[in-house]
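Participant: For reference, the sequence and a predicted model appear below.
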Amino acid sequence: MIIQPILDLVAICAKKGIQNAILSPGSRCAPLTLAFARHPEIHARTIPDERAAAFIALGMAQQLGQPVVLVCTSGSAALNYFPAISEAFFQQIPLLILTADRPTEWIDQWDGQTIFQEEVYGKHVKKSFRFPDSFKQKDQVWHAGRIVNEAINLSKQFPAGPVHINIPLREPFYPTEGEKFEYPEIPREFTLVTSQTQLSEESLRHIKNRLQEVKRLMIVPGQQKPNPQLQTLLDQLAKNKQVVIVSDSISNLQGEQSISLHDHWLGNEKRHAELVPDLVITFGKSVISKSLKQFLRKQSCSHWHIQPDGQSKDTFQHLTRILACSPMGFFTWLSQNLPTQEGNFAQNWMSLEKRVQAALPEIFESVEFGEYLALHRVLKKIPPFSKIHLANSMAVRYVNFLGKRNQEIICNRGTSGIDGSNSTAVGCTFTTKEPVTLITGDMAFFYDRNAFWHNYNIPNLRVILLNNHAGGIFRIIDGPSKQPELEEFFETSQKLNASHLAAEFGFEYSLAKNQDELEAALLNFYTPSLRPKIIEIESSSPKNVEILKQVKEKVKSVLGEF
C-alpha cells in the first residue's frame with residue numbers, strides 16, 4: 001500500500017532544498033524509507049546504528065547549512081538519536097527527524113517496538129509534531145502537508161536546530177505489485193521569508209554614547225563556521241582601533257591580529273589589571289578556554305552579546321546588553337564609530353602572544369615524545385584550508401594550546417560529549433572531497449566505532465588516534481587525579497589498539513610509538529588513496545601529564561612576572 005501523504009512529505013522536502021536523508025533499517029518505517037530511497041532528487045544512505053546515523057546526519061548538516069533528514073523505525077531506535085539531537089540543538093544545526101511509530105491505540109499494550117515517542121526529545125528539539133495516522137478526510141491530508149512545511153521552515157529559522165515529526169503508521173507498509181510511486185510535481189509549499197534584524201537608529205545612538213567611555217574593548221568570537229569577510233573586518237578593528245580579539249580554535253576566526261595562545265598565561269597573571277577590558281563583546285556559540293571564562297568572570301567589565309534572535313547568553317555573568325542584529329552588520333558599524341582604544345591594553349596582550357609563539361618551537365624540541373609533541377608535528381602536515389574534526393577531552397584542548405589554524409575546526413561543543421566524534425567526521429566526508437582529519441582520543445574513538453559500519457567509501461578521511469589506553473584528561477583534573485580509584489573508575493584503562501578495527505573496516509593503518517615512526521607514517525598520509533587512513537600514536541597517560549606540566553612551566557619561565 002502506498003501512502004500518498006508520505007510521498008507528498010518527501011516531495012516537499014525536495015522542493016524546499018533538502019537533498020540528503022540518512023535512513024536506518026526497520027519495517028515500521030518502510031513507507032518513509034522507500035519514499036526517500038526512490039525520490040530522484042534525494043540522496044539516501046542507510047546507516048544501521050541509529051546513534052551513529054544521527055551524528056553522521058549532524059556532520060552533513062553542519063557543513064551543508066541545510067537540514068538533513070533522519071528516518072528510523074519505532075521503539076528504542078528513536079532513543080538512539082538523542083545524543084546527536086541534543087548536540088544539534090545546542091550547536092544550532094538543522095535536522096528533520098522522522099520517527100515511525102505504532103498507532104496511538106497500540107502504545108503501552110505489550111506490542112513490539114513501542115515506547116512513548118511523542119515529544120520524546122523534550123526541550124532538545126525546537127518543536128515536536130504528530131503526523132496524522134489516517135488520511136480518510138481531505139483536511140487530514142492538508143494537515144500533513146502543513147506540518148511538513150512548518151517543520152522544515154522551523155528547522156532553518158534562526159537559530160537553526162532539530163525538529164521532530166512522529167509518524168504513526170498502520171499496516172500494510174509495503175506497496176503491492178504494480179503500484180507506482182507518483183510524487184506530486186508541484187507539492188504544496190509555503191516558504192518562510194525572513195529579514196536580518198538591524199538595530200534601530202536610537203539604539204545605535206545609545207551604543208555610540210556608551211562607547212565613548214570604553215578604552216579597553218575585547219571581542220571574543222564563539223564557535224562558528226569560517227567567515228573570511230568577518231575575519232578581515234575583525235583584523236582591521238584590532239589593527240586600526242587597538243581592539244583585542246581573543247579567539248579559540250573553534251571560533252574559526254583566528255586572524256593575523258587575534259590572540260590565540262591565551263591558555264598559556266591566563267590563570268598565571270600577576271599584574272592582571274593590565275589585561276582587564278572595560279567591555280567584552282561576544283558572538284557565536286561556546287568558547288573552549290576555561291581559563292578565559294574564569295578570567296572574565298572575575299572581572300567587573302560589562303558584557304554585550306550579539307544574538308540575532310535576542311536570546312540572552314550570560315557566559316561570563318556580567319551581561320548588560322543583548323544586541324539583536326547580525327555580527328557582520330554590527331562590526332561594520334563599529335569600525336566606523338568606535339573611538340581608538342588604549343594602545344597599551346592591546347600591546348600587553350599581543351606582547352604575551354608573540355613571546356609564547358616564539359618560545360613554543362624551542363620548548364617542543366626539549367620535551368619527550370608524547371601526545372603534545374606528536375600533535376605539534378601532525379598539525380604542520382595537515383593540508384591548509386581543509387577540515388579538522390576534534391574529539392572532546394584532550395584532543396580539542398591540545399589543538400587550542402597549539403595556536404592559530406588555517407583549517408576549518410569542527411568539534412561537538414554543543415554538549416561536549418565524547419560520543420559521535422567519528423560519526424560527525426564521517427558525515428563531513430559525505431559532503432566534500434577535501435581531506436577531513438579526525439583527531440581523537442582512544443575513549444572517544446572506540447566508543448563510536450560503528451561510525452564506520454556502513455557500505456560507503458570515505459577515502460578522504462584521515463584519523464589521528466591518540467591512544468594512551470585511558471581517559472587521560474582525568475589526570476589533569478584535580479579531583480579525580482588525587483583519588484585511589486583514578487585508573488579503574490575515572491581513566492577506565494583499556495588495552496585496545498586500532499589495528500583490528502582498521503583491518504575490519506578497510507583502513508590503511510600505521511602505528512607510531514616515537515617521533516621517527518610518526519614522521520615516517522606522516523610521509524604519505526595525505527597522498528590520495530582509495531581507502532581512509534589511521535595513524536595510531538601510542539603513549540603513556542602519566543607521561544603525557546608530565547609533559548603537559550613541563551611545557552606549562554617552561555612557558556611560565558619565559559614570561560616571568562608579567
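Facilitator: Structure received. Residues are numbered from 1 along each chain as shown.
Participant: Which helix or strand lies directly C-terminal to the worst-scoring helix or strand of the chain on mean pLDDT?
Facilitator: Among the helical and strand segments of the chain, the one scoring lowest on mean pLDDT, DSSP states H and E is helix 478-481, with a mean of 70. Secondary structure here is assigned by DSSP states H and E; on that basis, the next helix or strand after helix 478-481 toward the C-terminus is helix 499-505.
Participant: And that following helix, what's buried?
Facilitator: Along helix 499-505, the positions that meet the burial threshold by neighbour count (16 or more other CB atoms under 10 Å) are 501-502, 505. Glycine gets a C-beta too; all of them are placed from N, C-alpha and C.
Participant: where in the stretch 351-500 of the chain is pLDDT low?
Facilitator: 471-472, 474-478, 480, 482, 487-489, 491 (pLDDT under 70).
Participant: Which parts of it are helices?
Facilitator: In the stretch 351-500 of the chain, helices defined by DSSP state H, counting those that start in this stretch lie at 371-381, 394-401, 421-429, 442-447, 478-481, 499-505, listed in chain order.
Participant: Just checking, which helix or strand succeeds the helix or strand hosting residue 129 along the chain?
Facilitator: Element membership of residue 129 [criterion: DSSP H and E] is strand 128-130. In the C-terminal direction, the helix or strand that comes right after strand 128-130 (DSSP H and E) is helix 138-156.
Participant: mind listing what residue 447 touches?
Facilitator: Contacts for residue 447 (CB atoms under 8 Å, 6 or more residues apart in numbering) come out as 418-419.
Participant: Relative to residue 492, how far out is it?
Facilitator: Separation of residue 447 from residue 492 (CB to CB, to the nearest Å): 10 Å.
Participant: and of the helices of the stretch 351-500 of the chain, who's closest to residue 560?
Facilitator: helix 394-401 (19.7 Å; CB to CB).
Participant: which strands and helices sit next to that closest one?
Facilitator: For helix 394-401, the contact count by 3 or more CB pairs under 8 Å, 6 or more residues apart in numbering; DSSP states H and E identifies helix 371-381, strand 387-390, strand 436-441 as packing neighbours.
Participant: As PDB, could you dump the C-alpha coordinates of the first one?
Facilitator: To tie it back to what came earlier, the one meant is helix 371-381. In PDB, the C-alpha atoms belonging to helix 371-381 read as follows (Å, rounded to 0.1, in the frame of the first residue of the first chain):
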ATOM      1  CA  GLU A 371      50.700  13.400  22.600                       C
ATOM      2  CA  TYR A 372      51.600  17.000  22.900                       C
ATOM      3  CA  LEU A 373      54.700  16.800  20.800                       C
ATOM      4  CA  ALA A 374      53.100  14.400  18.300                       C
ATOM      5  CA  LEU A 375      50.200  16.800  17.700                       C
ATOM      6  CA  HIS A 376      52.700  19.700  17.300                       C
ATOM      7  CA  ARG A 377      54.200  17.600  14.400                       C
ATOM      8  CA  VAL A 378      50.900  16.400  13.000                       C
ATOM      9  CA  LEU A 379      49.400  19.900  12.700                       C
ATOM     10  CA  LYS A 380      52.200  21.000  10.400                       C
ATOM     11  CA  LYS A 381      51.400  18.300   7.900                       C
END
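Participant: Could you check the angle that helix makes with strand 436-441?
Facilitator: Helix 371-381 and strand 436-441 meet at an angle of 180 degrees, taking axes from the mean of the first three to the mean of the last three CA atoms, to 10 degrees as the criterion.
Participant: Mind listing residues that contact helix 371-381?
Facilitator: When contacts are defined by CB under 8 Å, 6+ apart, helix 371-381 is touched by residues 360, 364, 367, 394, 398-399, 401-402, 405, 439, 464, 466, 468, 472, 512, 515, 518-519, 522, 525-526, 535, 537, 539, 544, 547-548, 551.
Participant: Just give me how far it sits from the chain centre.
Facilitator: 22 Å (CA atoms, centre = their mean, to the nearest Å).
Participant: what's the angle from that helix to helix 394-401?
Facilitator: Our comparison of helix 371-381 with helix 394-401, counting by the same axes, to 10 degrees, yields an angle of 70 degrees.
Participant: Just the buried residues of helix 371-381, please?
Facilitator: For helix 371-381, by 16+ other CB under 10 Å, it's 371-379, 381.
Participant: how far is stretch 324-340 from where the chain is centred?
Facilitator: 27 Å.
Participant: same check, this time on stretch 456-476
Facilitator: Here the centre of mass of C-alpha atoms in stretch 456-476, compared against the chain's by CA atoms, centre = their mean, lies 16 Å away.
Participant: again with stretch 164-173
Facilitator: For stretch 164-173, the separation from the chain centroid amounts to 31 Å (computed by CA atoms, centre = their mean).
Participant: for stretch 157-170, same thing?
Facilitator: 20 Å.
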